[in-house]
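J.: Predicted model and sequence follow; I will ask about them next.
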Amino acid sequence: MTPTHSSAREPDAALGLLNSNRGGPLTSPRPYVRVALCLLPALLIAVAGFRRRWMSDDGHIYVRTVRQILAGNGPVFNAGERAESSTGTLWQWLLALAGLPGIDIATAAMYGGLLLTAAGFAFASLGALRLYSTDRTVLPLGCLVLLALPPVWDFATSGLETGLATCWLAGAWLLLVARPWSILTSAVIGLGPLVRPDLGLVSAVFLGAQWLMVRPSRWAALGGLGAALALPVAYEIFRVGYYGQLMPLPGVTKEASQSLWTRGIAYLADFVGPYLLWMPALLIVVAVLPSGRGRTVMPPLVPALAPVVAGALCWVYVIKVGGDFMHGRMFLPGLLLMLLPVFLVPVTRAWAIATFGVALWAVVCASWLRIPYVGLIGPGGVADERGVYVRQNAAPHPLHHDFAGYGANADYARLVRDAARAGTPTLFLARTPVTANSPAVTGVYSTLGFSGTVVPLDGAALDPIGLAYPLAAHSERINGRVGHDKRLPEAWIFADRGDGALPDGLDPAGVAAARRALGCGQLAELRAATRDPMTPDRFWRNITGSWERTSFRFPNDPVKAERELCEG
């Protein structure tokens, strides 16, 4: 946003962001010491993340989509069906850019996430130093909380968009603190929905904070808002026209608008309880309280409160939708946000006591505190995701999964690869081969990233959960594991993709009803929106029908679905 006042130009980017008087460059050697201090948390998380480096199965979902992009098939998971399986849009396209020169995409995802996480920690340090604008020595505080938590180490890599989210959150806040009047700041803040759709909450809070800090003229405010919304709105128009959905398909299958408060609170307890997170939280809150009585350095109120409010909203949203199946993952962005104002703090008596207490907790947490289901899926369906894949791949740092320690997945890979070499149209239902209508190989498997790795790009890797399969995503929920609340019956999959004789166990009447239902009403329109050739008319029809199509759900029972869709 354009300011209503002028400001002196700062010559050096790093030192300018550390400017203590906000008016001119620093001349003492202390800024160089502070720059080094900013790099220390980044270095520590880089080391911790590297020691725990790995690639998640969901990370391989991104990899297949990027391979399809580079192969010329478009941003799809399966050629011939427009489904947006990538929740992190910006991460997907950054990986595609990394893959252009021939870099292995999985390797780029793993190490790229680590570098972005480290950059985020450096930005957070810079932002905290600029926030307090003081010449005092600073202490690590909030950064100790993050550095002590095993989930932070784990998701510094994983191949998911978490590293990008860390970098964007800290970088956007740094710009908000140091350059609140800049159009660039508005544009960067507006990227939240493209990093992850739920981070649009952060964009909204930060834009509001930017307005409060600058109080621009009406036209300047409109210019800043336009800069913030330009790319997200443009991509949303592409999304609804190309895919026919208002959100990425995982948001549809996981019912992102639902309310599952009880499950969400259990997910919160699973994160807070094992690491005794209430202890550093209490120490920090107690240290903050004296600031109102002038006993410590006071930061500007709006940029200090903005990330705390945004982080709290992120946590409330995660709890509302029922959490996630990966231990701690969805709470990490909100935790980072709430710790940004105290990532580094100036030396005062209150902050020194708090830092000492948090440091003791951090040593205990990093050394001994762990979840009770290390390497397993916990009783509530929440998994130690990294531990599970380390064990199943029998490798300390799994990258390209071979599942050497998990025979079921290894057997599935062998069957699919044999069928692909034979070139016969085969549909695998629960590893049972039957004739497929097209393409050559269609694999149906819940471990979608792995399935997408072994199924050729001209084949179809389908998941009954619906992360990349529109038919499954729009089916009704079942009472299943969090994040896995859809399970499309095999009758539907065979009706959609199978041919010839029915395999044992499938009801012929159910398959016949499913085939008829696929040609009726909104179900027929869903298939047309995702499979018809992309023409200007199809693009427009996808846009105009996107709201109704996104909210459409059909019964899992084919007979009931046929009655509702065809007779209705």
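T.: Thanks, I have the structure now.

J.: Can you list the buried residues in the helix ranked longest in the chain?
T.: The longest helix of the chain (DSSP state H) is helix 105-132. Under the neighbour-count criterion of 16 or more other Cβ atoms under 10 Å, helix 105-132 has 105-106, 108-114, 116-132 buried. The way it works is simple: take the backbone N, C-alpha and C, and place the C-beta from them, glycine included.

J.: for this protein, which spans come out with low pLDDT?
T.: 1-31, 33-34, 290-297, 568 (pLDDT under 70).

J.: how does it divide into domains?
T.: Domain ranges of the chain: 13-51+84-367, 408-567, per automatic domain parsing.

J.: What is the distance between the first one and the centre of its chain?
T.: Between the mean C-alpha point of domain 13-51+84-367 and the mean C-alpha point of its chain there is a distance of 13 Å (Cα atoms, centre = their mean, to the nearest Å).

J.: And for the nearest residue to A529 once chain neighbours are set aside, the neighbour number?
T.: Excluding its sequence neighbours, the residue lying closest to A529 (Cβ to Cβ, 6 or more residues apart in numbering) is G244, at 3.5 Å. Neighbour count for G244, taken as other Cβ atoms under 10 Å: 27.

J.: quick one, what contacts G244?
T.: R82, L526, A529, T530, N542, G545, S546, R549 (Cβ atoms under 8 Å, 6 or more residues apart in numbering).

J.: can you rerun that using 6 Å?
T.: Neighbour list for G244: A529, N542, S546, R549 [criterion: Cβ atoms under 6 Å, 6 or more residues apart in numbering].

J.: try Q392
T.: Here Q392 is in contact with F403, G405, Y406 (Cβ under 6 Å, 6+ apart).

J.: Tell me how far it lies from G59.
T.: Computed as Cβ to Cβ, to the nearest Å, the Q392 to G59 distance reads 15 Å.

J.: repeat for I377
T.: Applying Cβ to Cβ to I377 and G59 gives a distance of 18 Å.

J.: between the two, who's got more neighbours?
T.: Remark: of I377 and G59, G59 carries more neighbours, 26 against 16, as counted by other Cβ under 10 Å.

J.: That one against T162, yeah?
T.: No - using Cβ atoms under 6 Å, G59 is not in contact with T162, being 9.8 Å away.

J.: and V388, which of the domains of the chain is closest to it?
T.: domain 13-51+84-367 (9.6 Å; Cβ to Cβ).

J.: which residues does Y445 contact?
T.: Y412, S451.

J.: Strands along the stretch 1-150 of the chain, start to end?
T.: Counting by DSSP state E, counting those that start in this stretch, one finds strands in the stretch 1-150 of the chain at the ranges 138-140.

J.: mind listing the helices in it by residue range?
T.: 13-17, 30-51, 57-70, 89-99, 105-132, 142-148, 150-154 (DSSP state H, counting those that start in this stretch).

J.: Equivalent analysis for the stretch 251-400 of the chain, please.
T.: 261-272, 278-288, 301-320, 332-339, 349-367, 385-393.

J.: Can you say which of these is packed in most?
T.: Across the helices of the stretch 251-400 of the chain, averaging neighbours per residue (mean count of other Cβ atoms under 10 Å) puts helix 332-339 on top, at a mean of 24.

J.: Could you list every helix and strand that that one packs against?
T.: If you count contacts as 3 or more Cβ pairs under 6 Å, 6 or more residues apart in numbering; DSSP states H and E, helix 332-339 packs onto helix 162-178, helix 301-320.

J.: nearest to V482, of the helices of the stretch 251-400 of the chain?
T.: That would be helix 261-272 among the helices of the stretch 251-400 of the chain, by Cβ to Cβ, at 6.0 Å.

J.: just the angle between that closest one and helix 278-288, please?
T.: Relative orientation of helix 261-272 versus helix 278-288 (axes from the mean of the first three to the mean of the last three Cα atoms, to 10 degrees): 80 degrees.

J.: Other residues contacting helix 261-272?
T.: Helix 261-272 has contacts (Cβ under 6 Å, 6+ apart) with I319, G322, G323, G328, F331, G380, V382.

J.: again, but for stretch 338-345
T.: In contact with stretch 338-345 (Cβ under 6 Å, 6+ apart) are residues 124-125, 128, 138-139, 141-143, 145, 173, 284, 304, 307-308, 311, 351.

J.: Nearest residue to the residue most central in space within the chain in space, please, no chain neighbours.
T.: Centroid-nearest residue in the chain: E161, 4.8 Å away (criterion: Cα atoms, centre = their mean). Spatial nearest neighbour of E161, excluding adjacent residues (Cβ to Cβ, 6+ apart): G88 at 3.0 Å.

J.: Would you mind measuring from the one you found to D198?
T.: Where D198 is concerned, G88 sits at a distance of 11 Å (Cβ to Cβ).

J.: The strand or helix carrying A472 - contacts with which helices or strands?
T.: Using DSSP states H and E, A472 falls within helix 470-473. Under the contact criterion of 3+ Cβ pairs under 6 Å, 6+ apart, helix 470-473 touches helix 249-253.

J.: Let's see the helix it packs on as PDB, backbone CA atoms only.
T.: The C-alpha trace of helix 249-253 is given here as PDB (Å, rounded to 0.1, in the frame of the first residue of the first chain):
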ATOM      1  CA  LEU A 249     -10.200 -32.100  -4.400                       C
ATOM      2  CA  PRO A 250      -8.800 -33.000  -1.000                       C
ATOM      3  CA  GLY A 251     -10.900 -30.100   0.500                       C
ATOM      4  CA  VAL A 252     -14.000 -31.800  -1.000                       C
ATOM      5  CA  THR A 253     -13.200 -35.300   0.100                       C
END
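
J.: contacting residues around it?
T.: For helix 249-253, the external contacting residues (Cβ under 6 Å, 6+ apart) are A83, E84, S85, T87, G466, L467, A473, K486.

J.: Give me the buried entries from those residues.
T.: The buried subset of these (16+ other Cβ under 10 Å) comprises A83, E84, S85, T87, G466, L467, A473, K486.

J.: Am I right that the fifth one is in contact with H474?
T.: This points to G466. No - contact criterion Cβ under 6 Å: G466 and H474 do not qualify, at 7.4 Å.

J.: Which residues outside the helix holding A472 are in contact with it?
T.: By Cβ under 6 Å, 6+ apart, helix 470-473 touches A83, L249, V252, T253, P464, G466, K486, L488, D496, T530.

J.: can you do 8 Å?
T.: Contacts with helix 470-473, where a contact means Cβ under 8 Å, 6+ apart, come from 81, 83, 249, 252-253, 462-467, 486-488, 492-493, 496, 526-527, 530.
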